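# Structure for the following, please:
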Amino acid sequence: MSPDNPEPERPVDDPDRAASPDASGSTTPATPPAAQPPAYDDPPGAAPSTASRSWFQLTSDEPRRPLRTAATVLGAVLALAALGVPFGLLWAVLAPATPVLKTAEGAIYADPQPEQPIAADGWFSLLGLGFGLLVALALWFVLRRRRGPVGLLVAVLGALAAAPVAWQVGRRVGLATFDRLLDTAPAGQSFTKPADLRAGGVDWLLGVLPVPHGNLLLPAFGAAITYTLLAGWSRWPGLRPEPEPADLSWVSAGTPAPTAAPEPPAPGAAEPPRG
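Below is the predicted model of the structure:
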């Protein structure tokens, strides 16, 4: 306290106290508070900072990656299973029908040793291997970000699901006509039986889980072999295309660059001292 200032003196650097008028009547502002460290909260409408963006990606993207991977696998497997429909239709067109003869006990082969059932199995096996090869190639180029175990899993499961679909679709082409003739045709009439598989089928594990066997496994086998060969021959360690370096030079790094020749002196310039 002083005669000119009846109020007690306040420290100037106290940020919590208001400014007080001095002797001349002017107000002396208080010293501003010390600068606070920047927070990670970004203002509304502004782009997130590096720290907040990395934290957001860590907390939001990580839990979603397994869900995205599972959704990708399931969607790709269902799409490949649907491709079993054209696969089966093509097999029904290429596989020959077997001639049969109606008797009082039912239908028997018109030829004691027909070759058509063997040809039907052969056509399905060849088409299945080709289908698996095309599936592996398509997944390799379409699902580039999923190359590796996930891509291989999709290829095997998709081809494994498409094979029974192709079998059921192909064998049902003309099956209704065969059943009708089998019931209504008189004894001695000959007709044809649509293609079917004898070297493959589906067994039910515990009555709920279908397990294919025989040549129904060939599409998955072809897909697994092709995808594995593509991964083995890939020139990228991560199986994904990597950017090429921007500037390439054929000169080795240890070879010094050639020095430029000295420029000739300008006309009228002083000659350097000699000797």
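
# So which residues of this structure form helices?
50-60, 64-82, 84-94, 116-142, 149-171, 175-184, 218-232 (DSSP state H).

# can you put those helices in TSV and add mean neighbour count and distance to Val202?
Where C-beta positions appear, they are placed from N, C-alpha and C, glycine not excepted. Formatted as TSV, the helices of the chain follow (neighbours: other Cβ atoms under 10 Å; distance: least, Cβ to Cβ, whole Å):
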stretch	mean neighbour count	distance to Val202
helix 50-60	11	43
helix 64-82	14	14
helix 84-94	19	13
helix 116-142	19	14
helix 149-171	22	6
helix 175-184	12	17
helix 218-232	19	14
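
# Columns distance to Leu197 and mean pLDDT on top of those helices, output as CSV?
Formatted as CSV, the helices of the chain follow (distance: least, Cβ to Cβ, whole Å; pLDDT from 0 to 100):
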stretch, distance to Leu197, mean pLDDT
helix 50-60, 49, 43
helix 64-82, 18, 89
helix 84-94, 10, 96
helix 116-142, 6, 95
helix 149-171, 6, 94
helix 175-184, 13, 89
helix 218-232, 11, 94
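
# So which of those is nearest Leu206?
Closest approach to Leu206 among those (Cβ to Cβ): helix 149-171, 17.6 Å.

# Dump the closest one to PDB, restricted to CA.
The C-alpha trace of helix 149-171 is given here as PDB (Å, rounded to 0.1, in the frame of the first residue of the first chain):
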ATOM      1  CA  PRO A 149      -4.100 -66.800 -47.200                       C
ATOM      2  CA  VAL A 150      -7.400 -65.000 -47.500                       C
ATOM      3  CA  GLY A 151      -7.400 -65.100 -51.300                       C
ATOM      4  CA  LEU A 152      -6.500 -68.800 -51.200                       C
ATOM      5  CA  LEU A 153      -9.300 -69.500 -48.700                       C
ATOM      6  CA  VAL A 154     -11.800 -67.700 -51.000                       C
ATOM      7  CA  ALA A 155     -10.600 -69.700 -54.000                       C
ATOM      8  CA  VAL A 156     -10.900 -73.100 -52.400                       C
ATOM      9  CA  LEU A 157     -14.200 -72.500 -50.600                       C
ATOM     10  CA  GLY A 158     -15.800 -70.900 -53.700                       C
ATOM     11  CA  ALA A 159     -14.700 -73.700 -56.000                       C
ATOM     12  CA  LEU A 160     -15.800 -76.300 -53.400                       C
ATOM     13  CA  ALA A 161     -19.200 -74.700 -53.200                       C
ATOM     14  CA  ALA A 162     -19.700 -74.300 -57.000                       C
ATOM     15  CA  ALA A 163     -19.000 -78.000 -57.700                       C
ATOM     16  CA  PRO A 164     -22.200 -79.400 -56.100                       C
ATOM     17  CA  VAL A 165     -24.200 -76.600 -57.600                       C
ATOM     18  CA  ALA A 166     -22.900 -77.400 -61.100                       C
ATOM     19  CA  TRP A 167     -23.600 -81.100 -60.500                       C
ATOM     20  CA  GLN A 168     -27.200 -80.600 -59.400                       C
ATOM     21  CA  VAL A 169     -27.900 -78.100 -62.200                       C
ATOM     22  CA  GLY A 170     -26.400 -80.300 -64.900                       C
ATOM     23  CA  ARG A 171     -28.000 -83.500 -63.900                       C
END
